[in-house]
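Peer 1: got a sequence here, can you model it:
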Amino acid sequence: MVHDDYKEMIPAQALSALDAREARELKEHLANCAECRRDLAEWEATAASLALSADPVEPSPEIRTRILRSASSVVPLKRSERIVSRQRFTAIAAVILLAALLVVVLILWQQNRSLRQQNEFAQLLTAPGSKVAQLSGTNEAKIATAKLAYAQNGRAILIADGLPLPPAGKEYQLWFIVNNKPLPGKTFAPDNRGHGQIHDLVPEAARNSAIFAITLEPAGGVSAPTGAIYLRGEL
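Peer 2: Numbering: from 1, shown residues only. The predicted structure follows:
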């Protein structure tokens, strides 16, 4: 990933919304990037301040009256108890507003990221000399599909869909197989919809003709495939 990709991940990290792999990749980047560390600190401070700065908003009189009437029919409320109840309503309303705001921020981040990924893939497809390999699901994932697009210099983007969620401690890994020799690529974990995407570099030996495969491996990847093949295609 490039620097801008990591910067886009920072708001989601401040909301603890990244998956395990994304969080690990961002953590590795933060170790060497002071700019992103500052950005993350600012986002975390903003997220923390929202809970304290949200203006108190009382529920509508109808809702408050209905709930208080229901509660009063069981246990009569004293004046002090009614004050406490009002304070609780106000606190609940503030929490709801905060949660809604965080959801909006997360949705906007995801939409922007998805659009950026689609644009990158389209640009790669239209580059002179680019190639595309279609990967199909095996018996391990019959509905899964993937496309691998790469430029003459080997810069590649893989987009996969329909993959089952991997078990704990496992990730999917891309392989470039040339003359029956598998060359390791990067690993990724799909989201809850089975969608996954990675940026990689196709080895020079595999740019003209190769078999591309995706297997299930230990998180972080291995040097030689050990798991079952979930997707396979060739060029």
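Peer 1: strand partners of the host helix or strand of residue 184, parallel vs antiparallel please.
Peer 2: Element membership for residue 184 (DSSP states H and E) is strand 181-188. Strand 181-188 has the following sheet partners, assigned by DSSP bridges: strand 170-178 (antiparallel).
Peer 1: in PDB, list the C-alpha atoms belonging to the strand it pairs with.
Peer 2: Presented in PDB, the C-alpha positions along strand 170-178 are these (Å, rounded to 0.1, in the frame of the first residue of the first chain):
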ATOM      1  CA  LYS A 170      -5.600 -18.000   9.200                       C
ATOM      2  CA  GLU A 171      -5.400 -15.700   6.100                       C
ATOM      3  CA  TYR A 172      -5.600 -16.200   2.300                       C
ATOM      4  CA  GLN A 173      -2.400 -16.000   0.400                       C
ATOM      5  CA  LEU A 174      -1.700 -15.300  -3.200                       C
ATOM      6  CA  TRP A 175       0.700 -17.500  -5.200                       C
ATOM      7  CA  PHE A 176       2.400 -17.100  -8.600                       C
ATOM      8  CA  ILE A 177       3.200 -20.600 -10.000                       C
ATOM      9  CA  VAL A 178       5.800 -20.800 -12.700                       C
END
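Peer 1: quick one, domains of this protein?
Peer 2: Structural domains of the chain, as assigned by automatic domain parsing, span the residue ranges 3-122, 128-234.
Peer 1: out of these, which gets the lowest mean score?
Peer 2: Lowest mean pLDDT within the domains of the chain: domain 3-122, at a mean of 64.
Peer 1: so what's residue 216 closest to, chain neighbours aside?
Peer 2: Nearest residue to residue 216 in three dimensions, chain neighbours excluded: residue 227, at 4.0 Å (Cβ to Cβ, 6 or more residues apart in numbering). No exception for glycine: its C-beta is placed from N, CA and C like everyone else's.
Peer 1: phi and psi next, for the one you found.
Peer 2: phi -100, psi 180 (degrees, to the nearest 10).
Peer 1: what's in contact with the strand holding residue 184?
Peer 2: Here strand 181-188 makes contact (Cβ atoms under 8 Å, 6 or more residues apart in numbering) with 21, 158, 160, 171-177, 196-200, 203, 205-206, 213, 217, 219-225.
Peer 1: in this structure, which spans are strands?
Peer 2: 131-137, 145-150, 155-161, 170-178, 181-188, 196-201, 211-218, 229-234 (DSSP state E).
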